[in-house]
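# fold the following.
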Amino acid sequence: MIRIITIEREYGSGAAIIAKTIANRLGWDLWDRAITCEIARRLNCDVESVERREERPDPTYYRLIKIFMRGSYEESLQGGGKLELLDAEHLAQLFESIVTNIANKGNCIIVGRGSPYFLRYRDDTLRVFIYASQDEKIRRLKAQGRSQAQAEDLVESVDAERAAFVKKYYGANWPNRYLYHLMINSEPGDEAVIKMILTHMDLLNSKAQSLAGTGTAQYLSR
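Next comes the predicted model:
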């Protein structure tokens, strides 16, 4: 049975609102802003410290943190604390540890943070990717108060950074369509996307129930 939905997304595709709506309807925990805060808590840092350290000549580690926090409520993080010095390999391990701990609790929606990759072998997880045309993403960002120039820059840069991170540290292309049960264009509207995700979840649950009730061999022989 599906106990986890991971939602990976192109920046500006509306995935954050879609994920929040699904979590509310299912009564599940939403891990979007919360997971960013948990990363910052474990690293004993605030986002301002991360941004200042990005100006170093070799800012790889700090840049990686920023990639995973951009567009993810970084403005909500406050407080001081020293930034622990971890290399990129240990940072990736931290992400995986946090996502895996969240998933083990079940009944949750996890937005981004490598969750489809980390949870790719779990059969209780529905993995979704949400995308949209550039015009649609810019329209959505402008509706949130971004200028045309800001929206264009974010659409171009955020996803390019995500793709570069995945390629360098996991040796995979982003997005990798083989990771996902669904890849959905959000242009038809949030409600259409939500219905598609929940319908697919119901189908997977029905299949799991059939397999449990009849046995895999009998089910596959039909």
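# and residue 159, what is it in contact with?
With contact taken as C-beta atoms under 8 Å, 6 or more residues apart in numbering, residue 159 is in contact with 10, 11, 174. Backbone N, C-alpha and C define where each C-beta goes, glycine included.
# look at it and report its pLDDT.
pLDDT, the model's per-residue confidence, is 88 for residue 159.
# equivalent analysis for residue 47, please.
What the model reports as pLDDT for residue 47 is 49.
# how about low-confidence regions in this structure?
Within the chain, the segments meeting pLDDT under 70 span 36, 39-40, 43, 45-92, 169, 214-222.
# tell me the centre residue of it?
residue 112 (1.0 Å; C-alpha atoms, centre = their mean).
# longest helix in the protein, by residue count?
helix 190-214 (DSSP state H).
# which strands and helices sit next to that one?
Applying 3 or more C-beta pairs under 8 Å, 6 or more residues apart in numbering; DSSP states H and E, one finds that helix 190-214 contacts helix 15-26, strand 125-131, strand 182-185.
# ok, now with 6 Å
helix 15-26, strand 182-185 (3 or more C-beta pairs under 6 Å, 6 or more residues apart in numbering; DSSP states H and E).
# what ranges does the chain have for its helices?
For the chain, the helices defined by DSSP H cover 15-26, 33-43, 47-53, 60-69, 88-105, 115-118, 134-143, 148-170, 190-214, 216-220.
# ok, which of these comes nearest residue 180?
Nearest to residue 180, of all the helices of the chain, is helix 115-118, at 6.5 Å by C-beta to C-beta.
# ok, back up a step: identify the bridge partners of the closest residue to the residue nearest to the centre of the chain other than its chain neighbours.
Excluding its sequence neighbours, the residue lying closest to residue 112 (C-beta to C-beta, 6 or more residues apart in numbering) is residue 8, at 5.8 Å. Beta-bridge partners for residue 8, by DSSP bridges, are residue 129.
# what's the separation between residue 8 and residue 41?
When distance is defined by C-beta to C-beta, to the nearest Å, residue 8 is 23 Å away from residue 41.
# pick out whichever of these two has more residues nearby.
Taking neighbours as other C-beta atoms under 10 Å, residue 8 and residue 41 compare with residue 8 leading, 26 against 12.
# got a list of what the more buried one touches?
Counting by C-beta atoms under 6 Å, 6 or more residues apart in numbering, residue 8 makes contact with 112, 116, 129.
# coming back round to it: just the helices of the chain: most buried one?
helix 115-118 (a mean of 23; mean count of other C-beta atoms under 10 Å).
# would JSON lines of the contacts of residue 8 with distance to residue 147 be doable?
Output for the contacts of residue 8, formatted as JSON lines (distance: C-beta to C-beta, whole Å):
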{"residue": "112", "distance to residue 147": "24"}
{"residue": "116", "distance to residue 147": "32"}
{"residue": "129", "distance to residue 147": "27"}
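# with respect to residue 95, which of the residues you listed is nearest?
Distance to residue 95, by C-beta to C-beta, is smallest for residue 112 among the contacts of residue 8, at 10.1 Å.
# before we move on, the earlier item: would TSV of the helices and strands packed on helix 190-214 with distance to residue 34 be doable?
Below are these laid out as TSV (distance: least, C-beta to C-beta, whole Å):
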stretch	distance to residue 34
helix 15-26	11
strand 182-185	23
